[in-house]
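Colleague: my questions concern the predicted model and sequence given below.
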Amino acid sequence: MNTAEVLADGLSRVQEVVHDAVDGLTPEQLSVRLEDEANSIAWLVWHLTRVQDDHVAGVAGFDQVWTAKGWAERFGLPFPVSAIGYGHSSADVAKVRVDSAQLLLDYYDAVHEQTLGFVGGLTDTDLDRVVDTNWDPPVTLGVRLISVIDDDAQHAGQASFIKGILLRRPT
């Protein structure tokens with residue numbers, strides 16, 4: 001496998017988990033919070049998608065799918081369009097509600113497609129490019145992409161865990 005194939009594989013594994021975690025759930029189930037301060041599946045998937053959209057667009061020099069493709073309007077969330085969920089309060093988490101599971105999946109898939117288009121052309125040498133000098137050591141493209149995959153995988157796993165609990169609850 002080459003660099004592009006490894007990154008695409010990691011990203012595609014996240015996509016599978018996201019789809020499994022969201023598919024078949026109602027808007028009410030997507031908004032359930034297992035505890036008062038807990039995240040919902042809707043918030044987790046929106047957040048992980050926004051992080052990927054923001055971070056990859058930033059290093060690739062692309063416009064974010066969120067704003068360029070009208071997703072911010074479709075979601076209609078009461079946040080600035082630049083919001084990605086970092087620093088959200090419990091009250092903010094509660095505001096992330098969706099009309100359907102498909103809305104979350106369609107936005108995720110649009111971001112996934114743009115991300116795969118970017119990573120598909122990367123080489124080993126590209127991964128050493130410094131993309132953020134605000135850290136010590138500075139962040140390279142490789143580190144940023146692995147960070148996105150790791151963050152997304154963790155949140156997708158959390159969403160899967162919540163779905164498992166929801167589906168085992170008596171109705």
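Modeller: Received the coordinates, thanks. Residues are numbered from 1 along each chain as shown.
Colleague: quick one: the helices in the protein, in order.
Modeller: Taking DSSP state H as the criterion, the chain contains helices spanning 3-22, 27-31, 41-60, 65-68, 71-75, 90-95, 101-119, 141-168.
Colleague: ranking these by burial, who's on top?
Modeller: Each of the helices of the chain was assessed for mean neighbour count using mean count of other Cβ atoms under 10 Å. The highest is helix 41-60, with a mean of 23. To be clear about C-beta, it is placed using only N, CA and C from the backbone, and glycine gets the same treatment.
Colleague: which elements pack onto it?
Modeller: Using 3 or more Cβ pairs under 8 Å, 6 or more residues apart in numbering; DSSP states H and E as the contact criterion, the elements in contact with helix 41-60 are helix 3-22, helix 27-31, helix 65-68, helix 101-119, helix 141-168.
Colleague: can you spell out which helices and strands pack onto the second one?
Modeller: For helix 27-31, the contact count by 3+ Cβ pairs under 8 Å, 6+ apart identifies helix 41-60, helix 101-119 as packing neighbours.
Colleague: chain center to the first one, what's the gap?
Modeller: Looking back up the chat, that one is helix 41-60. Between the centre of helix 41-60 and the centre of its host chain there is 4 Å, according to Cα atoms, centre = their mean, to the nearest Å.
Colleague: average pLDDT for it?
Modeller: Mean pLDDT, taken over the full extent of helix 41-60, equals 98.
Colleague: so for residue 170, what's the pLDDT?
Modeller: With respect to pLDDT, residue 170 has a value of 69.
Colleague: re earlier: what about the helices and strands packed on helix 27-31, which gets the closest to residue 153?
Modeller: Shortest separation from residue 153 across the helices and strands packed on helix 27-31 is recorded for helix 41-60, at 8.7 Å, computed as Cβ to Cβ.
Colleague: only alpha carbons, please: show the closest one as CSV.
Modeller: Coordinates of the C-alpha atoms in helix 41-60 are reproduced here as CSV (Å, rounded to 0.1, in the frame of the first residue of the first chain):
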residue,chain,number,x,y,z
ILE,A,41,-25.2,10.7,18.2
ALA,A,42,-26.4,13.7,16.2
TRP,A,43,-23.8,16.0,17.9
LEU,A,44,-21.0,13.4,17.7
VAL,A,45,-21.4,12.8,14.0
TRP,A,46,-22.0,16.4,13.2
HIS,A,47,-18.9,17.3,15.2
LEU,A,48,-16.6,14.7,13.7
THR,A,49,-17.7,15.6,10.2
ARG,A,50,-17.2,19.3,10.9
VAL,A,51,-13.7,18.7,12.3
GLN,A,52,-12.8,16.6,9.2
ASP,A,53,-14.3,19.2,6.9
ASP,A,54,-12.5,22.1,8.6
HIS,A,55,-9.1,20.5,9.1
VAL,A,56,-8.8,18.9,5.7
ALA,A,57,-10.1,21.9,3.8
GLY,A,58,-7.6,24.0,5.7
VAL,A,59,-4.6,21.9,4.7
ALA,A,60,-5.8,21.2,1.2
